[in-house]
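Q: starting from these lines, generate the structure:
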Amino acid sequence: MTSDDRTRCHWARTDALLQAYHDTEWGVPEHDSRAMWEKLMLDGFQAGLSWRLILSRREAFREAFAGFRPEIVAGYGEREIGQLLANQGIIRSQTKIRAVIRNARAYLAIQEAGKDFSGLVWDSVQGKPVMGDGSGTATRSMAGNELSAALKKRGFSFVGPVIVHAWMQACGLINDHETECFCRTRGK
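A: This is a model prediction of the structure:
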């Protein structure tokens, strides 16, 4: 428990960086398309690693990926990939880096088709957060499975059901705060 005596989700109870993220960002309904895309890309980088590691490097990721502006990242080629692979401030996975570039192109294709990324994503939950079971143990959901498949059909990669579920939690599409967490009622 933290010094302010509020009960949080178990994963945010002992680390100041995770606690701040939990209290101010995680599960807060996000509607900005670019911010949602950034969070999806960071969740892809997190696969197999700790979220704390990604948070601690978030600013380096933002710098490396031009503020996660898809219109810039979509133009990255081999030279930029080489620079990213040499960047010690980020996770230097060629597969994940190439996925971000592919996903920037897929994001732009959605825009070019006259659709809004945020609207497309929120439509998958009928425009309002889905309440999780409050156990803090879910790693997948039907909504995440369906949205993962929909994103893959639109050309996204590194968006499997577990990554998409975690991203939906982070963006407030699925409220998975634990039952006793003070944030559980946020976004209802």
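Q: okay, now A99: neighbour count?
A: By other C-beta atoms under 10 Å, 20 other residues sit near A99. Yep, even glycine has a C-beta here, placed from its N, CA and C like the rest.
Q: ok, F45 next?
A: Neighbours of F45 using other C-beta under 10 Å come to 22.
Q: one more: Q126?
A: Applying other C-beta under 10 Å, I find that Q126 has 8 neighbouring residues.
Q: do the one 10 residues further on as well
A: G136 sits with 15 neighbouring residues when counted by other C-beta under 10 Å.
Q: over to A138?
A: Neighbours of A138 using other C-beta under 10 Å come to 15.
Q: surely it is in contact with G132?
A: Yes - with contact defined as C-beta atoms under 8 Å, A138 counts as touching G132 (5.6 Å).
Q: list residues touching both of the two?
A: D176 (C-beta atoms under 8 Å, 6 or more residues apart in numbering).
Q: check which helix or strand covers the closest residue to H31 other than its chain neighbours.
A: Closest residue to H31 apart from its sequence neighbours, by C-beta to C-beta, 6 or more residues apart in numbering: S118 at 5.1 Å. Assigned by DSSP states H and E, S118 belongs to helix 117-123.
Q: who touches that helix?
A: With contacts defined as C-beta under 8 Å, 6+ apart, helix 117-123 is touched by E30, H31, D32, S33, M36, W37, Y107, I110, Q111, L147, C171, L173.
Q: just the ones in helices from those residues, please.
A: Using DSSP state H, the subset of the contacts of helix 117-123 located in helices is S33, M36, W37, Y107, I110, Q111, L147.
Q: tell me which two in the residues you listed are the farthest apart.
A: Greatest spacing in these, by C-beta to C-beta: Q111 and L147 (17.8 Å).
Q: between these two, who's got more neighbours?
A: Ranked by neighbour count (other C-beta under 10 Å), Q111 and L147 place L147 first, with 23 against 13.
Q: chain neighbours aside, what residue packs nearest to that one?
A: Per C-beta to C-beta, 6+ apart, closest to L147 is S124, 4.7 Å.
Q: among the ones in helices among the contacts of helix 117-123, name the buried ones.
A: With burial judged by 16 or more other C-beta atoms under 10 Å, the buried subset of the ones in helices among the contacts of helix 117-123 is S33, M36, W37, Y107, I110, L147.
Q: all strands of this protein, in order?
A: All strands of the chain, identified by DSSP state E, fall at 130-131, 174-175.
Q: just checking: what are the partner strands of the last one?
A: This means strand 174-175. strand 130-131 (parallel) (DSSP bridges).
Q: would you quantify the distance from A47 to E30?
A: 20 Å (C-beta to C-beta, to the nearest Å).
Q: let me have the buried ones among the ones in helices among the contacts of helix 117-123 in TSV, extended by pLDDT and distance to D5.
A: Formatted as TSV, those follow (pLDDT from 0 to 100; distance: C-beta to C-beta, whole Å):
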residue	pLDDT	distance to D5
S33	98	37
M36	98	33
W37	98	36
Y107	98	41
I110	98	44
L147	98	36
